[in-house]
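Asks: just need the structure, nothing else, for what follows:
(chains A, B, C and D)
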There are 2 protein chains.
Amino acid sequence: MAIERIGPRLSARLTYLLKRVLVDLEDLHAEHLAPVGVSGRELGVLLLLDGPDATSQQQAAGRLGVDRTTMVGLVDGLEAKGLVARRADAEDRRRNVLALTDAGYEALARALRASDEAERQLLTELDDDESAQLRTLLARLAWNRSEP
Amino acid sequence: MAIERIGPRLSARLTYLLKRVLVDLEDLHAEHLAPVGVSGRELGVLLLLDGPDATSQQQAAGRLGVDRTTMVGLVDGLEAKGLVARRADAEDRRRNVLALTDAGYEALARALRASDEAERQLLTELDDDESAQLRTLLARLAWNRSEP
DNA sequence: AGTGATCGTCAGTAATACTGACGATCAGGC
DNA sequence: GCCTGATCGTCAGTATTACTGACGATCACT
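Replies: Below is the predicted model of the structure:
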C-alpha cells in the first residue's frame, strides 16, 4: 500500500503522519521478520515473555492490547512453532503460564536483530539525536494517555 | 482497547509506541468527530477534495492509501450524506470527478475543528516546541520513505 | 476499426477481531 | 463444607474490513 504524495492540508494531520510512518515500519518489519518466521505481533509476545515474572495469557493480552480470544490463536501459533510453552499455573489452575522455550529465546534474539534493522532503515533520514527525540516524545504521549 | 503498562523491552519498540499513540489519537477522533457525523477516513476524503484541482476517485484512493474498490463505498457514504457529489469528467468519461457540496464544506470546517481538538488533547503533555518537533520528525519520515 | 489499457463498480472471498457462551476453577459468605 | 458469583482459557458464530477477479464503458494508439 504505497501512499502517494498529498497536499499540505492532509499531510498536516497528525493521524496521517502517524499512520503513514507506522505502515512503513510495519512493511519493513514484515520484510525483515519473514526469514525469522515470526510476525510483528508474535515478536511482541516473545518480548513480553522474556522476563523473570510469570505471565498468563490474559496478562499478555492486556499488555499487548489484543483481545483475550485473539491471544488464544496467537499462542496457538507460537506453540505450534515450538517457541512458547503453555503450562498450568500451580497456584491458579485456571491460568496458563506462558514461557519461552529454548527455540523461543533463539527466535527472539534473531527477531530483535531484524526489528532493530527495520527501525534503523525507517530512521535513516534522522541522526541519532533526532531519533532519540522522536522516541522520547512518542513515549511521553504513550504513557500519559490511555492510562487514567 | 486500553493497553496496560508494559515492561521496558516492549515499550522500546518504535512500532509499539507509534501504534499506541495512533490508537489513542483515533479514539479521540472518533469521540470528537461523532457529533459531526463523519469518520476519520471520511475527513481525509473531505480534506483531499478541498482544493482547486479536480480529483478522481482513483486519485483520491491513491493519496489516501486505500484500495480503489474501498473508495467506492467511502464515496457512497459521503454522497448519501450529501457532502460529496460525483459528476462525470468531461474530458475522460471513465472518471468520476469528486467535489464537495456546500454541506460538505460546512462539515469539513466542523470536522477540522474537532480534529484540531483531538490533536490538542493528545498533545497536552507536550509544549508547543515539542509538538512542532514531533510533527517535523514524523513528516520527514513520512516523506522520505514510501517514495522511491 | 481494432487492440490493449484504465476507471468505477460489484460479487465473492479472505483475514481479522469481537460477542456470547461453555466448562473448569477460584474466592468469599454463610 | 457448600453456594454464589466471578475469572480464565476456549470455541463457535458473527461482524467488520479489505482484497481478488471480473465486468461494461471508455480512452489512447495504431
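Asks: what about A:Ala90, how many residues nearby?
Replies: A:Ala90: 9 surrounding residues under other Cβ atoms under 10 Å in any protein chain shown. (Each C-beta comes from the backbone N, C-alpha and C, glycine too.)
Asks: give me every residue that touches it.
Replies: The contact partners of A:Ala90, by Cβ atoms under 8 Å, 6 or more residues apart in numbering or on different chains, come to none.
Asks: any idea how far the residue positioned nearest the centre of chain A lies from chain B?
Replies: Closest to where the C-alpha atoms of chain A average out (Cα atoms, centre = their mean) is A:Gly44, at 3.6 Å. Taking Cβ to the nearest Cβ, to the nearest Å as the criterion, A:Gly44 is separated from chain B by 6 Å.
Asks: once you drop chain neighbours, what's closest to that residue?
Replies: In space, and not counting its chain neighbours, A:Gly44 is closest to A:Leu64: 5.3 Å by Cβ to Cβ, 6 or more residues apart in numbering or on different chains.
Asks: and the lowest-mean-pLDDT helix or strand in chain A, which residues are buried?
Replies: Ranked by mean pLDDT, DSSP states H and E, the weakest helix or strand in chain A is helix A:8-11, scoring a mean of 78. Buried positions in helix A:8-11, judged by neighbour count with 16 or more other Cβ atoms under 10 Å in any protein chain shown: A:9-11.
Asks: give the contact list for whatever residue of chain A ends up closest to DNA strand D.
Replies: The nearest approach of chain A to DNA strand D comes at A:Gln58, 2.8 Å away (Cβ to the nearest atom of the strand). Residues in contact with A:Gln58, defined by Cβ under 8 Å, 6+ apart, are A:68, A:71, A:95.
Asks: pull the residues that contact the helix or strand harbouring the residue nearest to the centre of chain A.
Replies: Following DSSP states H and E, one finds A:Gly44 within helix A:40-49. By Cβ under 8 Å, 6+ apart, the residues outside helix A:40-49 that reach it are A:26, A:29-30, A:33, A:38, A:55, A:60, A:63-64, A:66, A:74-75, A:77-78, A:83-84, A:98-100, A:104, A:107-108, A:111-112, A:115, B:6-7, B:9-10, B:13, B:15-16.
Asks: make sure A:Leu137 is actually in contact with B:Asp129.
Replies: No: under the criterion of Cβ atoms under 8 Å, A:Leu137 is not in contact with B:Asp129, lying 10.7 Å apart.
Asks: ok, which stretches of chain A are strands?
Replies: A:55-56, A:84-88, A:96-100 (DSSP state E).
Asks: in helices only, show me the contacts of A:Gln58.
Replies: A:68, A:71 (DSSP state H).
Asks: let me know the closest of the contacts of A:Gln58 to A:Glu125.
Replies: A:Met71 (35.8 Å; Cβ to Cβ).
Asks: so what's the closest one up against?
Replies: Going by Cβ under 8 Å, 6+ apart, A:Met71 touches A:57-58, A:60-61, A:64.
Asks: let's have the residues you listed in JSON lines, adding pLDDT.
Replies: As requested, the contacts of A:Met71 are exported to JSON lines (pLDDT from 0 to 100):
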{"residue": "A:Gln57", "pLDDT": "96"}
{"residue": "A:Gln58", "pLDDT": "95"}
{"residue": "A:Ala60", "pLDDT": "95"}
{"residue": "A:Ala61", "pLDDT": "95"}
{"residue": "A:Leu64", "pLDDT": "92"}
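Asks: I'd like those as CSV, with distance to B:Ala142 appended.
Replies: Converted to CSV, the contacts of A:Met71 look like this (distance: Cβ to Cβ, whole Å):
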residue, distance to B:Ala142
A:Gln57, 36
A:Gln58, 36
A:Ala60, 31
A:Ala61, 31
A:Leu64, 26
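Asks: about what we covered before: and the strands of chain A: which comes nearest B:Gln121?
Replies: strand A:55-56 (32.1 Å).
Asks: and chain A, which residues reach DNA strand D?
Replies: A:1, A:56-58, A:61, A:68-69, A:72, A:75-76, A:86, A:92, A:94-96 (Cβ under 7 Å from any atom of the strand).
Asks: switch the cut-off to 6 Å
Replies: A:1, A:56-58, A:68-69, A:72, A:75, A:94-96 (Cβ under 6 Å from any atom of the strand).
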